[in-house]
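K.L.:
Make a model of this:
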Amino acid sequence: MRVGVTPDPRRPGWSGGPPPPAPGGWVPPRQPPATAWVPPRQPSATQWVPQWQTTQAPPPPKPPAAPKRRTAATLVWCLVLVVALLLAGSQGVKSAAAQTSSALAMVGGNGFTAWYTDDATRVTIGSGTWSRAHGGYDLASSGPDPLGWWMVTTPLDAATVDLARFSWAIGRTADAAIEGDALFSLANGEVRREVLTEGRGALIYTGGLLELPADVHAGSTWGSAGTVIGFMDGKPGNSGSYTSQGTATAPPEADLAAAGCLDVTLMEKYGTSDITTYRSWCPGRGMVRFDVDSIRYTIGNSPAMTYPVSADPFDWTRLNGAAATTTTLSPQGVSLLTLSYVSRPGVLLDGTLVVALKGDNDVVAINPAATTGNLDRTVWRSHPGGVILSCVTLGQVTVATTSERRVVAYGPTGVVLWIVSAPDSVNQPAIAFGEQIVVTSVDGTVMALDPATGRQVWRTKMPSELALQPVASGDTMVVIDEIGTTVAFGHDGHEVWRSTEFPASVYAIVSGVVVVNERGASTLRGYDLATGNKLWRSWEPEVVRSFSNLDGVALADAGSGAKAFDPATGTVLWSVTQQTLDLLVVGDRAVLAGADSLVVLDRTGTEIARIPHGLGRLPQSTVYMATSTNSLVAVTSTQLFREVLA
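P.N.:
Have a look, this model is predicted:
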């Protein structure tokens with residue numbers, strides 16, 4: 001499949017230059033559907049005054065000072081300042097006017113998402129998301145790398161120009177999927193294509209290919225010309241000239257014509273190659289249809305793609321035959337990819353790493369198995385909108401939550417599965433509870449969702465706010481709110497039991513016991529999972545950062561090492577003193593990340609393996625571990641260690 005003018009890197013003989021002759025191809029959708037983007041709520045304009053602050057009478061006014069004499073030089077400088085302000089104001093008016101053109105009305109808002117249906121089968125197989133930015137540095141921080149090269153070659157001010165990036169993914173399985181990005185500049189009311197990527201290939205348009213003129217309307221014609229630079233695997237290749245001619249006509253459908261929609265034809269010429277694309281754009285709805293290889297795609301509903309939300313754990317019995325590698329994910333001075341993680345990354349079954357990045361709040365998939373010659377290892381990226389608050393990969397489904405109260409689910413190919421609105425911010429990662437995905441919002445709401453559609457299965461609310469991730473074991477899930485109310489729920493949302501004691505800092509379910517560390521105290525408590533009855537109470541002087549179920553043992557990450565407790569009594573079983581940068585329980589083993597190696601322990605505290613990881617800049621850098629059925633990884637902001645089972 002070929003998207004627009006992007007050369008298909010899988011075609012023999014292509015070296016990164018302009019594309020060879022080919023039949024009319026497809027350019028990915030540039031505009032998501034309807035509903036305009038709504039910015040997050042703004043704080044009240046009323047200024048808060050502390051209750052302890054008393055109102056005082058204003059001090060008596062001071063007598064006016066004698067007027068100062070103004071020199072001629074002072075008057076001249078004042079005049080210059082006034083003229084400068086007037087000029088700046090006129091520039092601002094021009095800029096504001098440019099942002100209200102009919103072309104810019106076609107561009108999607110920040111985080112806007114559209115789904116696309118194959119008209120032949122009526123099956124939704126693709127999605128696209130928009131990301132908006134003022135300047136290119138934030139967008140380039142999550143890739144693809146050609147965006148960084150564009151900032152060097154563009155005649156625009158890359159640090160201040162308004163940009164829109166459309167990231168798209170099509171396909172249900174990794175072997176049949178195809179992904180790409182299109183970067184547009186939004187200046188003088190025009191929409192210009194600056195970068196187009198597909199798979200391993202990319203094109204950069206010096207000066208920008210005119211996608212839509214500012215006053216685009218039925219009957220409009222336009223053209224542009226310039227130089228295009230080819231890329232392959234993140235490295236520049238050949239360059240050549242291009243020309244393009246565009247026309248806009250009213251669509252034959254009466255309803256689309258009445259809505260102000262336009263059928264846009266764009267003919268592009270690269271040397272001896274001609275490519276023609278057809279799209280239908282609607283104000284406020286974006287691109288509502290387009291053609292790909294003689295197949296028409298139309299905006300549709302979200303797909304009902306089913307993927308598992310759980311996976312078999314890493315098989316430790318096969319560790320001796322595993323292949324270990326340490327890879328530089330983002331070479332400094334070469335790649336602009338900035339790995340600043342929101343939370344622990346996820347690993348898909350094929351080894352793809354899925355991360356949420358702080359810089360531009362994108363969810364990005366990275367292929368750590370890419371060859372060393374491929375400088376850009378990103379596979380797909382998507383912008384869920386707003387600030388990403390949490391992100392977790394559950395089996396083959398990745399769930400991100402944002403400051404715009406969105407819960408967004410992604411399939412393994414990057415296609416958006418569904419978007420759900422939450423009643424408040426969801427700050428904690430979602431969990432898998434049986435065949436459901438459960439999310440909890442700050443206001444105390446607990447929602448169970450269908451992983452395929454996002455449909456609400458059941459919903460309830462706790463008495464107070466929620467600041468901790470729920471925990472689940474078998475048929476029971478436990479939630480603890482900020483006033484210490486502990487509730488156990490069944491799969492259908494019914495309440496099994498409830499108790500109220502003290503708020504918790506961390507908790508886990510181990511061998512039928514809810515093990516809780518009280519917040520702000522050195523107290524541990526154990527509750528029967530079936531009845532809620534308190535079983536024991538003990539004291540622990542060390543700060544417990546997390547609890548995990550290690551094959552029937554309550555394992556605490558105490559910072560200075562690991563400490564195991566008997567869940568039936570709360571007594572200490574064993575402890576290991578070692579610098580612990582991260583701790584992860586995987587199946588019946590615990591893995592402690594140290595400065596030079598990963599230490600693997602069994603439920604008795606016995607060291608099973610010590611694996612050198614080769615990661616640099618530790619312990620200064622943050623390290624996260626993650627696993628899938630066949631992969632164990634440890635990642636920092638620049639490097640990745642990977643153990644792959646044969």
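K.L.:
ranges for the helices of this protein?
P.N.:
72-98, 137-140, 146-153, 254-258 (DSSP state H).
K.L.:
what packs against the last one?
P.N.:
Same thing as helix 254-258. Counting contacts by 3 or more C-beta pairs under 8 Å, 6 or more residues apart in numbering; DSSP states H and E, helix 254-258 packs against no other helix or strand. In short, each C-beta sits where N, CA and C put it, glycine included.
K.L.:
Can you mark which positions in it are buried?
P.N.:
Residues Leu256 are the ones in helix 254-258 that count as buried (16 or more other C-beta atoms under 10 Å).
K.L.:
What are the contacting residues of it?
P.N.:
For helix 254-258, contacts defined as C-beta atoms under 8 Å, 6 or more residues apart in numbering pick out 250-251, 280, 282, 288.
K.L.:
re earlier: least reliable of the helices of the chain by average pLDDT, please.
P.N.:
Among the helices of the chain, helix 72-98 carries the lowest mean pLDDT, a mean of 38.
K.L.:
ok so, going back, now rank the contacts of helix 254-258 by neighbours and give me the top one.
P.N.:
Val288 (23 neighbours; other C-beta atoms under 10 Å).
K.L.:
right, and it touches Gly300 too?
P.N.:
No. Using C-beta atoms under 8 Å, Val288 makes no contact with Gly300, being 10.0 Å away.
K.L.:
thinking again about what came up before, what about the contacts of helix 254-258, which are in strands?
P.N.:
280, 282, 288 (DSSP state E).
K.L.:
Distance to Asp350 for these - can I get that in a markdown table?
P.N.:
Listed next are those as a markdown table, based on distance: C-beta to C-beta, whole Å:
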| residue | distance to Asp350 |
| --- | --- |
| Ser280 | 35 |
| Cys282 | 37 |
| Val288 | 33 |
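K.L.:
Can I get the residues you listed in a markdown table including pLDDT and distance to Ala609?
P.N.:
Converted to a markdown table, the ones in strands among the contacts of helix 254-258 look like this (pLDDT from 0 to 100; distance: C-beta to C-beta, whole Å):
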| residue | pLDDT | distance to Ala609 |
| --- | --- | --- |
| Ser280 | 87 | 58 |
| Cys282 | 83 | 59 |
| Val288 | 81 | 56 |
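K.L.:
Find the centremost residue of this protein, please.
P.N.:
Nearest residue to the geometric centre of the chain (C-alpha atoms, centre = their mean): Val363, 2.1 Å.
K.L.:
can you tell me which residues contact that residue?
P.N.:
Per C-beta under 8 Å, 6+ apart, neighbours of Val363: 354-357, 381-384, 388, 391, 398, 400, 408, 410.
K.L.:
what's across from the nearest residue to Gln436 once chain neighbours are set aside in the sheet?
P.N.:
Distances taken as C-beta to C-beta, 6 or more residues apart in numbering put Ala448 closest to Gln436, at 4.4 Å, once the chain neighbours are dropped. Counting by DSSP bridges, Ala448 forms beta bridges with Val438, Trp458.
K.L.:
still on that earlier bit, can you tell me which of the contacts of Val363 end up in strands?
P.N.:
Per DSSP E, these map to strands at 354-356, 381-382, 388, 391, 398, 400, 408, 410.
K.L.:
Give me the buried subset of these.
P.N.:
Applying 16+ other C-beta under 10 Å to the ones in strands among the contacts of Val363 flags 354-356, 381-382, 388, 391, 398, 400, 408, 410 as buried.
K.L.:
Which two among those are spaced furthest apart?
P.N.:
Spanning the widest gap among these are Val355 and Val408, at 14.7 Å by C-beta to C-beta.
K.L.:
ok, and for stretch 454-465, which residues are buried?
P.N.:
Across stretch 454-465, burial judged by 16+ other C-beta under 10 Å covers 454, 457-458, 462, 464.
K.L.:
what does stretch 588-600 give?
P.N.:
Buried-residue list, stretch 588-600, by 16+ other C-beta under 10 Å: 589-594, 597-600.
K.L.:
try stretch 376-392
P.N.:
Buried-residue list, stretch 376-392, by 16+ other C-beta under 10 Å: 376-386, 388-392.
K.L.:
do the same with stretch 228-237
P.N.:
228-237.
K.L.:
And for stretch 416-430?
P.N.:
Buried residues in stretch 416-430 (16+ other C-beta under 10 Å): 416-420, 422, 425-430.
K.L.:
From the chain's centroid, how far away is that stretch?
P.N.:
13 Å (C-alpha atoms, centre = their mean, to the nearest Å).
K.L.:
How far does it stretch from one end to the other?
P.N.:
16 Å (C-alpha to C-alpha, to the nearest Å).
K.L.:
Give the rounded mean pLDDT of it.
P.N.:
On average, stretch 416-430 scores 97.
K.L.:
and the residue nearest to Ser185 when sequence neighbours are not counted, what pLDDT?
P.N.:
Leaving aside its sequence neighbours, Ser185 sits nearest to Arg192 (C-beta to C-beta, 6+ apart; 4.8 Å). Arg192 is assigned 95 on the pLDDT scale.
K.L.:
and Gly526, bridged to which residues?
P.N.:
With DSSP bridges as the rule, Gly526 is bridged to Val515, Trp536.
K.L.:
what's the neighbour count on it?
P.N.:
23.
K.L.:
Report pLDDT for it.
P.N.:
97.
K.L.:
Kindly report the same for the one 5 residues further on.
P.N.:
For Thr531, the model assigns a pLDDT of 97.
K.L.:
these two touch, right, Gly286 and Leu104?
P.N.:
No. Counting by C-beta under 8 Å, Gly286 stays clear of Leu104, with 11.8 Å between them.
K.L.:
Those two: which has the busier surroundings?
P.N.:
Gly286 (26 against 20).
K.L.:
returning to that earlier point: now render the buried residues of stretch 228-237 as TSV, adding distance to Phe641.
P.N.:
Below are those laid out as TSV (distance: C-beta to C-beta, whole Å):
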residue	distance to Phe641
Val228	39
Ile229	35
Gly230	33
Phe231	28
Met232	27
Asp233	23
Gly234	22
Lys235	25
Pro236	30
Gly237	32
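K.L.:
Let me know the closest of those to Thr577.
P.N.:
Nearest to Thr577 among those, with distances taken as C-beta to C-beta, is Gly234, at 43.6 Å.
K.L.:
From Gly201, how far out is that closest one?
P.N.:
10 Å (C-beta to C-beta, to the nearest Å).
K.L.:
likewise Ser142?
P.N.:
19 Å.
K.L.:
How about Ile483?
P.N.:
56 Å.
K.L.:
Between those two, tell me which one has more neighbours.
P.N.:
For Ile483 and Gly201, the more surrounded residue by other C-beta under 10 Å is Gly201, and the numbers stand at 25 against 14.
K.L.:
Give me the distance between the two termini of stretch 600-615.
P.N.:
17 Å.
K.L.:
For that stretch, buried residues please.
P.N.:
Going by 16+ other C-beta under 10 Å, stretch 600-615 has these buried residues: 600-601, 603, 605, 611, 613, 615.
K.L.:
just stretch 509-516 next, same as before
P.N.:
509-510, 512-516.
K.L.:
How about the contacts made by Ala133?
P.N.:
Going by C-beta under 8 Å, 6+ apart, the list of residues near Ala133 reads 139, 162-165, 360.
K.L.:
Looking at these, which one is closest to Thr221?
P.N.:
Looking across these and measuring by C-beta to C-beta, the closest to Thr221 is Ala164, at 23.6 Å.
K.L.:
Surely that closest one touches Asp181?
P.N.:
No. Ala164 is not in contact with Asp181 according to C-beta under 8 Å; the separation is 10.9 Å.
K.L.:
Please report the distance of Tyr341 from Val585.
P.N.:
For Tyr341, the distance to Val585 - C-beta to C-beta - is 20 Å.
K.L.:
Looking at these two, which is more packed in?
P.N.:
Val585 (23 against 16).
K.L.:
so what's the residue nearest to that one when sequence neighbours are not counted up against?
P.N.:
Using C-beta to C-beta, 6+ apart and skipping the chain neighbours, the partner closest in space to Val585 is Ser548 (4.1 Å). Ser548 is in contact with 508, 554-555, 557, 583-585, 590, counting by C-beta under 8 Å, 6+ apart.
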